[in-house]
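*Asks:* Sharing a sequence plus its predicted fold:
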Amino acid sequence: MRDTPRPQGTVGDTGSRPPQLRPGRALAHTLGASGSGSPHRSDGRSPQTPRGARLTGLDGGPGTTPPFPGSPTFLLLLSGLPALLFALITWQIAVHGPLARADERLSGDLVHRDGFSDFLADLGNVTVAVPVLAVILVYVALRTRRAGTDHWWVPSVAAGVLMALVPALIVPLKELIGRPGPPIMGPGTGYYPSGHTATASIAYGGAVLVLWPWLRGTRLRAPAVLVALALNLGVAVGLVRSGYHWPLDVVASWCLCAMLLLSLRLFLGRSGRRG
């Protein structure tokens, strides 16, 4: 069957002509209102949330509207939780309060030293965690430089400086609190907070943060986070089971390092937008 040709006009038409707008017809989609082919409001105002008007930052960083778990406001609020918990634990340890006594009783039930626990605890050694971070920082710096990015060295240097700050923060706290270690460690003080936990947290967590932009568009982001979490959890289990630290020594280090890593995330987000 052939398609029936559409009539070109009606009785009384003198010829074909473009359809005419009828009086009173809304001009909401009239071509050329503010640019050819673009839908606009009938009152001449631009849409309230045009798609091209939002300024997005790196992975929801500064400038994203509305804020969500990558914005500075959210990160600052999130950092308040570990800060409060760290203050509470430190106070209880300093006065040997109920929380500290419960921590010591719990440690007695958890200690079971073996070779595997020692291996996990060693993952928080400076000789293990820092070289891993150094390799990642060199890789990121070289790749960023090859990409022609301005200030290509900033992310790697920032993470390296944060790693160097760990002993500057942990050692004075150890001296100030002077908490004795578990019985297996014998006499001596300076076990709060855990330096091995802090080293592992900043090394493995910082490595993920500087790698994060280069993992965009891949399926490696979730595995990278899971590996970092598994390494830090393994260090914590090894330290507690081997009797090298009380459980709250580890938790306090996590709280402190969470604040440091959130600060690094904010800094990298800002430097990324400037770049």
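*Replies:* Yep, it's here. Remember, predicted model here, so these are calculated numbers, not experimental data.

*Asks:* Quick one: name whatever helix or strand follows the strand or helix carrying residue 130.
*Replies:* Assigned by DSSP states H and E, residue 130 belongs to helix 126-146. In the C-terminal direction, the helix or strand that comes right after helix 126-146 (DSSP H and E) is helix 154-177.

*Asks:* and for that next one, what are the contacting residues?
*Replies:* Residues outside helix 154-177 that contact it (Cβ atoms under 8 Å, 6 or more residues apart in numbering): 90, 93-94, 130, 133-134, 137-138, 140-141, 144, 189-193, 195, 198-199, 202-203, 206-207, 209-210, 253, 256, 260, 263-264, 267-268, 271, 275. Just so you know, the C-beta spots here come from the backbone N, C-alpha and C atoms, and that holds for glycine as well.

*Asks:* mean confidence for whichever helix or strand comes after it?
*Replies:* From helix 154-177 onward toward the C-terminus, using DSSP H and E, the following helix or strand is helix 195-211. If you average the pLDDT over helix 195-211, you get 96.

*Asks:* residues making contact with stretch 105-116?
*Replies:* Stretch 105-116 is contacted from outside by 182, 184, 238, 240, 241, 242, 243, 246, 247, using Cβ under 8 Å, 6+ apart.

*Asks:* now stretch 124-144
*Replies:* Contacts for stretch 124-144 (Cβ under 8 Å, 6+ apart): 122-123, 152-153, 155-156, 159-160, 163, 194, 196-197, 199-200, 202-204, 206-207, 210-211, 214, 235, 238-239.

*Asks:* Mind checking which of the residues you listed are buried?
*Replies:* Applying 16 or more other Cβ atoms under 10 Å to the contacts of stretch 124-144, the neighbour count classes 122-123, 152, 155-156, 159-160, 163, 194, 196-197, 199-200, 202-204, 206-207, 210-211, 235, 238-239 as buried.

*Asks:* quick one: low-confidence parts of the stretch 1-150 of the chain?
*Replies:* By pLDDT under 70, the low-scoring segments of the stretch 1-150 of the chain are 1-79.
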